[in-house]
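Visitor: 3D model of this:
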Amino acid sequence: MESKLSNITFDCADPQKLSWFWSDVFGYPRAEWPDGLKQQLLESGLTEDDLLSRSVAEDPTGEGPRFFFQKVPEAKTVKNRVHLDVRTFPDRRATPAEVDVEAARLVALGATIVRKADMAWGPFGEYHYVFQDPEGNEFCLQ
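Guide: Just a heads-up that it's a prediction; the model follows:
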(Lines give C-alpha, C1' and ligand atoms only; values in the text may rest on other atoms or scores of the structure.)
Protein backbone atom coordinates (compact mmCIF):
# COMPACT_ATOMS: atom_id res chain seq x y z
CA MET A 1 0.00 0.00 0.00
CA GLU A 2 1.19 3.53 -0.66
CA SER A 3 -0.29 6.83 0.40
CA LYS A 4 -1.61 9.41 -2.05
CA LEU A 5 -1.82 13.17 -1.72
CA SER A 6 -5.39 14.22 -0.96
CA ASN A 7 -5.29 18.00 -0.51
CA ILE A 8 -2.89 20.85 -0.16
CA THR A 9 -4.48 22.66 2.77
CA PHE A 10 -4.31 26.37 3.55
CA ASP A 11 -5.26 27.85 6.92
CA CYS A 12 -6.65 31.28 6.13
CA ALA A 13 -8.96 34.14 7.08
CA ASP A 14 -11.18 34.10 3.96
CA PRO A 15 -11.44 30.62 2.40
CA GLN A 16 -13.66 31.63 -0.51
CA LYS A 17 -11.49 34.59 -1.53
CA LEU A 18 -8.31 32.52 -1.37
CA SER A 19 -9.87 29.54 -3.18
CA TRP A 20 -11.03 31.85 -5.97
CA PHE A 21 -7.52 33.36 -6.24
CA TRP A 22 -5.91 29.91 -6.62
CA SER A 23 -8.70 28.75 -8.97
CA ASP A 24 -7.95 31.73 -11.19
CA VAL A 25 -4.19 31.06 -11.04
CA PHE A 26 -4.66 27.50 -12.32
CA GLY A 27 -7.71 28.07 -14.54
CA TYR A 28 -10.00 25.98 -12.34
CA PRO A 29 -13.68 26.91 -12.02
CA ARG A 30 -14.48 28.92 -8.90
CA ALA A 31 -16.04 26.69 -6.26
CA GLU A 32 -19.63 27.22 -5.21
CA TRP A 33 -21.77 24.97 -3.03
CA PRO A 34 -24.18 23.10 -5.33
CA ASP A 35 -27.74 24.20 -4.49
CA GLY A 36 -28.91 20.77 -3.34
CA LEU A 37 -25.88 20.18 -1.13
CA LYS A 38 -25.99 23.72 0.24
CA GLN A 39 -29.64 23.28 1.23
CA GLN A 40 -28.90 19.89 2.81
CA LEU A 41 -26.03 21.37 4.85
CA LEU A 42 -28.15 24.31 6.01
CA GLU A 43 -31.00 21.96 6.98
CA SER A 44 -28.53 19.86 8.99
CA GLY A 45 -27.88 22.85 11.25
CA LEU A 46 -24.91 24.49 9.58
CA THR A 47 -25.08 28.25 8.99
CA GLU A 48 -24.04 30.40 6.05
CA ASP A 49 -20.96 31.36 8.13
CA ASP A 50 -20.14 27.67 8.53
CA LEU A 51 -20.30 27.25 4.76
CA LEU A 52 -17.97 30.23 4.29
CA SER A 53 -15.43 28.62 6.64
CA ARG A 54 -14.34 26.11 3.97
CA SER A 55 -13.69 26.18 0.26
CA VAL A 56 -11.79 24.29 -2.43
CA ALA A 57 -9.97 24.87 -5.69
CA GLU A 58 -9.86 21.74 -7.77
CA ASP A 59 -9.06 20.70 -11.29
CA PRO A 60 -12.29 19.48 -12.90
CA THR A 61 -10.27 16.86 -14.83
CA GLY A 62 -8.80 15.47 -11.61
CA GLU A 63 -5.27 15.81 -13.00
CA GLY A 64 -4.09 18.87 -11.10
CA PRO A 65 -3.76 19.30 -7.36
CA ARG A 66 -6.76 19.91 -5.10
CA PHE A 67 -6.48 22.80 -2.67
CA PHE A 68 -8.55 22.96 0.52
CA PHE A 69 -9.00 26.24 2.43
CA GLN A 70 -10.15 26.37 6.03
CA LYS A 71 -10.83 29.40 8.17
CA VAL A 72 -8.67 29.79 11.26
CA PRO A 73 -8.79 32.58 13.87
CA GLU A 74 -5.08 33.43 13.88
CA ALA A 75 -3.26 35.41 11.18
CA LYS A 76 -0.20 34.18 9.34
CA THR A 77 2.84 35.57 11.15
CA VAL A 78 5.98 33.86 9.81
CA LYS A 79 7.49 32.62 6.57
CA ASN A 80 6.11 29.38 5.12
CA ARG A 81 8.18 26.26 5.74
CA VAL A 82 6.68 24.73 2.59
CA HIS A 83 5.66 26.63 -0.52
CA LEU A 84 4.24 25.96 -3.96
CA ASP A 85 6.31 26.22 -7.14
CA VAL A 86 4.13 27.21 -10.10
CA ARG A 87 5.32 26.65 -13.66
CA THR A 88 4.31 29.06 -16.40
CA PHE A 89 4.12 26.12 -18.83
CA PRO A 90 3.72 22.56 -17.53
CA ASP A 91 5.56 20.94 -20.45
CA ARG A 92 8.56 23.22 -21.00
CA ARG A 93 10.79 25.82 -19.42
CA ALA A 94 9.41 29.32 -19.96
CA THR A 95 11.53 32.17 -21.26
CA PRO A 96 12.09 35.12 -18.92
CA ALA A 97 9.69 37.20 -21.03
CA GLU A 98 6.98 34.53 -20.70
CA VAL A 99 7.51 34.35 -16.94
CA ASP A 100 7.21 38.15 -16.77
CA VAL A 101 3.87 38.04 -18.61
CA GLU A 102 2.52 35.39 -16.22
CA ALA A 103 3.86 37.36 -13.25
CA ALA A 104 1.86 40.39 -14.39
CA ARG A 105 -1.28 38.22 -14.64
CA LEU A 106 -0.78 36.92 -11.09
CA VAL A 107 -0.32 40.46 -9.77
CA ALA A 108 -3.61 41.43 -11.47
CA LEU A 109 -5.27 38.50 -9.65
CA GLY A 110 -4.04 39.80 -6.27
CA ALA A 111 -0.56 38.32 -5.77
CA THR A 112 2.28 40.48 -4.46
CA ILE A 113 5.82 40.21 -5.78
CA VAL A 114 8.35 39.68 -2.99
CA ARG A 115 11.38 39.52 -5.29
CA LYS A 116 12.58 38.45 -8.70
CA ALA A 117 15.55 36.07 -9.01
CA ASP A 118 17.66 36.42 -12.16
CA MET A 119 20.95 34.67 -11.45
CA ALA A 120 23.09 31.65 -12.05
CA TRP A 121 23.31 28.62 -9.80
CA GLY A 122 26.57 27.10 -10.89
CA PRO A 123 26.25 26.54 -14.64
CA PHE A 124 22.44 26.84 -14.58
CA GLY A 125 20.41 29.96 -15.17
CA GLU A 126 17.70 30.64 -12.66
CA TYR A 127 14.82 33.03 -13.38
CA HIS A 128 11.76 33.10 -11.17
CA TYR A 129 9.57 35.28 -8.97
CA VAL A 130 8.79 34.87 -5.31
CA PHE A 131 5.21 35.94 -4.57
CA GLN A 132 2.74 36.14 -1.74
CA ASP A 133 -0.90 35.22 -2.31
CA PRO A 134 -3.61 37.58 -0.97
CA GLU A 135 -3.13 36.20 2.57
CA GLY A 136 0.67 36.28 2.55
CA ASN A 137 1.46 32.64 1.67
CA GLU A 138 4.69 32.48 -0.30
CA PHE A 139 4.94 30.75 -3.66
CA CYS A 140 7.29 30.85 -6.63
CA LEU A 141 6.66 31.25 -10.34
CA GLN A 142 9.09 29.90 -12.89
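Visitor: next, give phi and psi for the residue nearest the centre of the chain.
Guide: When the chain is reduced to its mean C-alpha position, the closest residue under Cα atoms, centre = their mean turns out to be W22, at 3.6 Å. Dihedral pair for W22: phi -70, psi -30, per degrees, to the nearest 10.
Visitor: what do you get for Q16?
Guide: Per degrees, to the nearest 10, the residue geometry at Q16, taken as phi and psi, is phi -70, psi -50.
Visitor: can you name the residues that contact the residue nearest to the centre of the chain?
Guide: Residues in contact with W22 (Cβ atoms under 8 Å, 6 or more residues apart in numbering) are Y28, A57, F67, D133. Just so you know, the C-beta spots here come from the backbone N, C-alpha and C atoms, and that holds for glycine as well.
Visitor: now with 6 Å, please.
Guide: Neighbouring residues of W22 by Cβ atoms under 6 Å, 6 or more residues apart in numbering: A57, F67.
Visitor: would you agree T88 is in contact with V101?
Guide: No: using Cβ atoms under 6 Å as the test, T88 is too far from V101 to be in contact (8.1 Å).
Visitor: more neighbours: which of those two?
Guide: In this comparison of T88 against V101, neighbours counted by other Cβ atoms under 10 Å, the higher total goes to T88 at 18 against 12.
Visitor: skipping its backbone neighbours, what lies nearest that one in space?
Guide: Computed as Cβ to Cβ, 6 or more residues apart in numbering, the closest residue to T88 that is not its neighbour in sequence is A94, at 3.7 Å.
Visitor: wait, the one you found sits on D100?
Guide: No: here A94 lies out of contact with D100, judged by Cβ under 6 Å, at a distance of 9.3 Å.
Visitor: in the longest helix along the chain, which residues are buried?
Guide: With DSSP state H applied, the helix covering the greatest number of residues in the chain is identified as helix 96-109. Of all the residues in helix 96-109, those buried under the rule 16 or more other Cβ atoms under 10 Å are V99, D100, E102, A103, L106.
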